[in-house]
Structures are given as C-alpha cells and as structure tokens.
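Chemist: for reference, the sequence and a predicted model appear below.
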Amino acid sequence: MIDRASLRMSAGLLLAGQLLYILVTQFHAGGAANDHPAIFTVYAGSGIWKAVHVGQFMCAAVLLAGLLALPFAVTAHGERRRWFGRFGAALAVVALALYGVLQAVDGVGNKEVDDAWVNAPDAEKAARFASAEAMRWLEWGARSYHDFALGIALLLIAAAIVGAVGVPRPIAYLMGLSGLTYLVQGWVVGSEGFSETHTILILVAWALTLTWMIWLVVVAWRLPDSGASRTH
C-alpha cells in the first residue's frame with residue numbers, strides 16, 4: 001500500500017532539497033581544500049560564506065524531511081522491514097542534527113578563525129593558524145559522522161521499501177548504493193580530510209541520489225489519484 005499524497009510530498013522534498021543543495025553549493029568558495037594556508041585565505045576572503053552555509057543547511061533540512069517521510073508513505077512488507085523504516089527515519093533526524101553541528105563549525109567557526117588568522121599581527125600568526133587547523137579538523141569529524149548517519153539511514157530505508165508494491169526495486173537498490181557511498185565518504189573525510197577522493201565520492205553520491213529521486217518523483221506522480229493505491 002502507498003499513500004499517494006505522502007509519497008508525492010516525500011519525493012518532491014527529496015528532489016527539491018537535493019537540487020537546491022547542489023545549486024547553493026556552487027557559490028561555496030573553493031580551492032585545494034587540504035592546502036590549509038591557501039584555502040583558509042580563500043575562506044577569509046569570501047563575503048557570502050555564512051549565507052551559503054545557512055542556505056546549505058536549509059536545503060539539507062528539506063531533503064532530510066523528505067527522507068524522514070518516505071518510510072511512512074510506503075507500507076513495508078513485514079514487521080522487520082517496518083522497523084528498518086522507523087530506525088532509518090530516526091537516523092535521518094540524527095543526520096540533520098549532525099549537519100547542523102557541521103554547518104555551525106564550518107559556516108561560523110571556520111570563518112571566524114580564518115579571518116582572525118589572516119588579520120593577525122605576525123607575532124600571533126602561528127597561534128592563529130593552529131586554531132584554524134583545529135577548527136578544520138573538528139569539521140572533518142562532524143562531516144564524517146554526519147555522512148555515517150546519513151549513509152545508514154539510506155540503507156535502512158532502502159531495506160524497508162525494497163519490494164514494496166508500487167515502488168520499483170531498482171529505486172531501493174540505488175538508494176542503498178548511495179547510502180554505501182556516504183559511508184565511504186565518512187571514512188575518507190575522517191582519515192584524510194577533503195581530499196580528491198572525497199570530492200569524487202561527493203559527485204558519485206549526487207549522481208546516484210538524483211537518479212533515484214527523479215525516478216521516485218515520476219513513480220509518485222504516475223500513481224492513481226485515490227488516497228491510498230495498490231499498484232499491480
């Protein structure tokens with residue numbers, strides 16, 4: 001059984017949140033992220049740094065609201081799968097909380113310590129730079145555990161909806177694969193920071209999530225207009 005209205009809402013929030021997140025991220029100051037002296041200078045020179053990170057948080061909130069709603073829009077087969085969906089929804093909330101911590105560290109903390117380092121007198125440069133690196137490493141940790149929480153949430157919700165009537169199995173498989181990609185992201189950023197490998201994994205995750213989200217939107221909008229529909 002599928003609640004058509006809830007599935008449309010979930011699919012719409014997921015896709016809108018992901019597309020808007022990708023769009024807002026294009027305004028994020030960039031460079032060689034693990035070259036700290038260079039990238040800290042770039043961050044300090046960004047006039048829209050805090051606004052971009054607020055925008056990213058709002059987009060992530062929209063996306064994760066859609067993920068939270070998904071297991072309740074699709075009735076899973078069996079009590080075990082229903083529990084997968086509930087635990088996945090709970091971890092989506094955890095992922096949003098961790099993303100809030102991440103954006104507080106990155107969007108506020110990083111900006112303040114980078115500005116302080118750039119503007120410090122020569123006698124204070126070394127100490128200020130050490131503070132900026134400590135903040136960066138805290139960002140690595142927050143990003144790592146956010147990715148772990150999101151990856152597990154995606155895997156659990158994929159397990160909950162796989163085989164559900166009306167939802168093509170490949171959607172769940174792609175969702176699960178995107179969850180695995182986030183788990184690998186979490187390990188990479190926790191061990192080597194924002195490396196080239198991490199950047200590649202971000203792009204792979206975006207491609208996978210956009211694929212299954214667009215497919216889910218198409219499925220949701222093609223359902224009959226009754227409040228709850230069984231698709232044969």
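Modeler: Cool, got the structure.
Chemist: ok, which stretches of this protein are strands?
Modeler: Per DSSP state E, the chain carries strands over the ranges 2-3, 228-229.
Chemist: which stretch in those has the least confidence?
Modeler: For the strands of the chain, mean pLDDT drops lowest on strand 228-229, to a mean of 42.
Chemist: per-residue confidence averaged over stretch 78-86?
Modeler: For stretch 78-86, mean pLDDT is 87.
Chemist: cool, stretch 196-204 as well?
Modeler: On average, the pLDDT along stretch 196-204 is 96.
Chemist: how about residues contacting it?
Modeler: Applying C-beta atoms under 8 Å, 6 or more residues apart in numbering, the external contacts of stretch 196-204 come out as 33, 181, 184, 185, 188, 189, 192. For the C-beta atoms, the positions are set from N, CA and C on the backbone; glycine is no exception.
Chemist: go on, stretch 58-77?
Modeler: With contact meaning C-beta under 8 Å, 6+ apart, stretch 58-77 is reached by 1-3, 6-7, 9-18, 20-21, 24, 82, 84-86, 88-89, 92-93, 95-96, 99, 153-154, 157, 160-161, 163-164, 166-167.
Chemist: hmm, which of the residues you listed are the buried ones?
Modeler: 2-3, 6-7, 9-18, 20-21, 24, 84-86, 88-89, 92, 95-96, 99, 153-154, 157, 160-161, 164, 166-167 (16 or more other C-beta atoms under 10 Å).
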